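Trainee: Just need the structure, nothing else, for what follows:
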Amino acid sequence: DALGAKCRIIPVRPNWVDSQDLMGFFNPVEHRYYSTPFLEALCEAKKHPEERYFICLDEMNLAHAEYYLSDILSVMESKEPVPLYPKSEQQNALARIEHILSTCGTDTIEAFDARIDRENLSEKYTPDFIIPENVQFIGTLNMDETTCNLSPKIIDRSFIIKVTRDTEAPSENTARLSDGEADVLSLPFVRNLCEAVHKKVSKRMEHQLLTMKQRMDASGLSHEIGMYDYMDYIIACKILPMFNTEDIEMSMDDGESLRIGDLPVTGRDAAPEKDFPLSLNYLKSMCDVENGIINYWRIS
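Mentor: Numbering: from 1, shown residues only. Reported below is the predicted structural model:
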């Protein structure tokens, strides 16, 4: 409402297993495409290009998102159309519709249905469906034993924003950290995390920084958001979600460990406490000192 945008909320069901549950399917027997609320929201957005649309997948991790979102994830980077069904099926269906229209009266129910099917297959549910540029996807999720974990493919194409409860009192975990360790960055498993982060992002960080700088310059945000502020958000919302207990255990290799301030950023040497306050706060919440583990989804 604040942005003057349209919002369409799509509840995700636990039994979704492939893209047909999200985008619908073509019935070759009836020569008709059966749509879904998600696809209808995309069609509505395409019909109104002057409006901004948020399409929200509610409780998106009740099912494996990388399964039912596979086609959407593939085109998010390539900008190619989403394949709904083969073009040959469209041609066969349109030929059958023309035959029905030529043999039935114009005022019959059969002709009425055929005209609707022709319009849908020709204009709305085309074999190659292009995601409108005025659409942004949002997913809400909770993490517990009844939900599915997010795969690296999902996280890599997302920007994760934690919605937490504000409180002035320090959390139990923060208090335990301050009692046992003066600096969260000195914890061995945090150093291992930073080493793993460095290995995972060193090849992509330069590209991400360049892309974000171009976006910031184009939007005029360069004067309001500094590069270190942006890096803080990137680490907290795109890099830290990649790591859970298993990742950290696998990354515990011999060798020199890196601190979060050693991440490949341009400019002067970074001071973690000053330049990455959000990331440092997330790290503190992620740490389980007693068990020596770290998990992004522990943040409360």
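Trainee: okay, the nearest residue in space to P152 that is not next to it in sequence: pLDDT?
Mentor: Computed as CB to CB, 6 or more residues apart in numbering, the closest residue to P152 that is not its neighbour in sequence is M242, at 6.1 Å. C-beta coordinates here come from the backbone N, C-alpha and C atoms, glycine included. pLDDT, M242: 72.
Trainee: M242 and I138, how far apart?
Mentor: 20 Å (CB to CB, to the nearest Å).
Trainee: Which of those two has more residues huddled nearby?
Mentor: M242 (18 against 14; other CB atoms under 10 Å).
Trainee: so the more buried one touches K153, yeah?
Mentor: No - with contact defined as CB atoms under 8 Å, M242 does not reach K153; the gap is 10.9 Å.
Trainee: Enumerate the helices of the stretch 101-250 of the chain by residue range, in sequence order.
Mentor: Counting by DSSP state H, counting those that start in this stretch, the stretch 101-250 of the chain has helices at residues 109-119, 152-156, 172-180, 188-219, 227-234, 245-250.
Trainee: Would you single out the least confident of those?
Mentor: Among the helices of the stretch 101-250 of the chain, helix 172-180 has the lowest mean pLDDT, at a mean of 40.
Trainee: Contacts only, for the closest residue to R96 other than its chain neighbours.
Mentor: Spatial nearest neighbour of R96, chain neighbours left out: H31 (5.2 Å); criterion: CB to CB, 6+ apart. Contact analysis of H31 by CB atoms under 8 Å, 6 or more residues apart in numbering lists 89, 92-93, 96-97, 117.
Trainee: S151 now?
Mentor: Counting by CB under 8 Å, 6+ apart, S151 touches 64-66.
Trainee: go again using 6 Å as the cut-off
Mentor: E66 (CB atoms under 6 Å, 6 or more residues apart in numbering).
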